[in-house]
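Engineer: Just need the structure, nothing else, for what follows:
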Amino acid sequence: MDTTKKIYFASDQHFGAPTPELSFPREQKFVAWLDQIKHDAGVLFLLGDLFDFWFEYKTVVPKGFVRVLGKLAELRDSGIPIYFFTGNHDLWMHDYFQKELNIPVYHRPQEFTFNNKVFLIGHGDGLGPGDKGYKRMKKVFTNPFSKWLFRWLHPDIGVKLAQYLSVKNKLISGDADVKFLGEDNEWLVLYSKRKLETKHYDYFVFGHRHLPMTINVGNNATYINLGDWIGYFTYGVFDGEKFDLLTYKD
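Structural biologist: All right, here's what the predicted structure looks like:
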């Protein structure tokens, strides 16, 4: 790893919620952050729920988010690798990012090694014990037949319906209680500890919970939750030696 470069992580921007107009200032803030980090970023990880809803029809994608997509294209074209992990709000993402932006899209956690440190990285929805209602719902929504049925809705109807349910139905959205539940009740902490039983990881990096957290899960391993870009504006950065959870202030 180039010691002059850093690895950045961000999650849960939920652009478009609660309305495009109200989320626009957050979009501007995120673009400003992307512009700031492009000077020393070696890699950028986006850990899901960049949009509050996303669906790719064969010839149509949701309107808006031009500034964010343009800035990501700029970073990628400059040679900065970007990795995207789908969240529960953009789980219907397919290959648009790959084809248009050259950004690979992952639908489950992946391992990466940087400077001899092993990372397990993902969005975090549906992992660990509990949350059985959402896990069942996710199986329905990720079923190819379900996606095929939804594609038959006209985009003006389908997108509007999905945006409404994304905000109103917490079972569908999978959003968890944003209060800290304690280590013994935080599902991603339990998931991380269980993974350590079979393999060592230095860092578990997830989003989804909307709470910035850094928790020692044993055996010199750390669980990090990135928080969000709604109320916290937090992000992670690994400089090759240590991982910091920071707050962006414009």
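
Engineer: show me the contacts for the residue nearest to residue 113 when sequence neighbours are not counted.
Structural biologist: Beyond its immediate neighbours in the sequence, the residue positioned closest to residue 113 (C-beta to C-beta, 6 or more residues apart in numbering) is residue 119, lying 7.2 Å away. Just so you know, the C-beta spots here come from the backbone N, C-alpha and C atoms, and that holds for glycine as well. By C-beta atoms under 8 Å, 6 or more residues apart in numbering, the contact list for residue 119 reads 111, 112, 113, 201, 202, 203, 204, 205.

Engineer: Can you tell me the SS state at residue 119?
Structural biologist: Local secondary structure at residue 119 is given as strand here, using DSSP: H, G, I helix; E, B strand; the rest coil.

Engineer: bridging residues for it?
Structural biologist: On the basis of DSSP bridges, residue 119 takes part in beta bridges with residue 112, residue 203.

Engineer: From residue 207, how far off is it?
Structural biologist: Residue 119 sits at a distance of 14 Å from residue 207 (criterion: C-beta to C-beta, to the nearest Å).

Engineer: lowest confidence element among the helices and strands of this protein?
Structural biologist: None of the helices or strands of the chain scores lower by mean pLDDT, DSSP states H and E than helix 170-173, at a mean of 46.

Engineer: On the C-terminal side of it, identify the next helix or strand.
Structural biologist: helix 187-195 (DSSP states H and E).

Engineer: ok, and for stretch 33-43, which residues are buried?
Structural biologist: Under the neighbour-count criterion of 16 or more other C-beta atoms under 10 Å, stretch 33-43 has 33, 34, 37, 41, 42, 43 buried.

Engineer: ok, and what's touching that stretch?
Structural biologist: If you take C-beta under 8 Å, 6+ apart as the criterion, stretch 33-43 is touched by 1-2, 4-8, 10, 44, 68, 71-72, 74-75, 78, 80-83, 114, 235, 248, 250.

Engineer: Which helix in this structure has the most residues?
Structural biologist: In the chain, with assignment by DSSP state H, the single longest helix is helix 20-37.

Engineer: next SSE after it?
Structural biologist: strand 41-46.

Engineer: Each with direction, which strands does that next one pair with?
Structural biologist: strand 6-10 (parallel), strand 82-85 (parallel).

Engineer: want to try a markdown table for these, with mean neighbour count, distance to residue 230 and mean pLDDT as columns?
Structural biologist: Putting those into a markdown table (neighbours: other C-beta atoms under 10 Å; distance: least, C-beta to C-beta, whole Å; pLDDT from 0 to 100) gives the following:
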| stretch | mean neighbour count | distance to residue 230 | mean pLDDT |
| --- | --- | --- | --- |
| strand 6-10 | 24 | 12 | 98 |
| strand 82-85 | 22 | 18 | 97 |
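
Engineer: Quick one: the ones you listed as a markdown table, columns for distance to residue 184 too.
Structural biologist: Listed next are the strands paired with strand 41-46 as a markdown table, based on distance: least, C-beta to C-beta, whole Å:
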| stretch | distance to residue 184 |
| --- | --- |
| strand 6-10 | 25 |
| strand 82-85 | 26 |
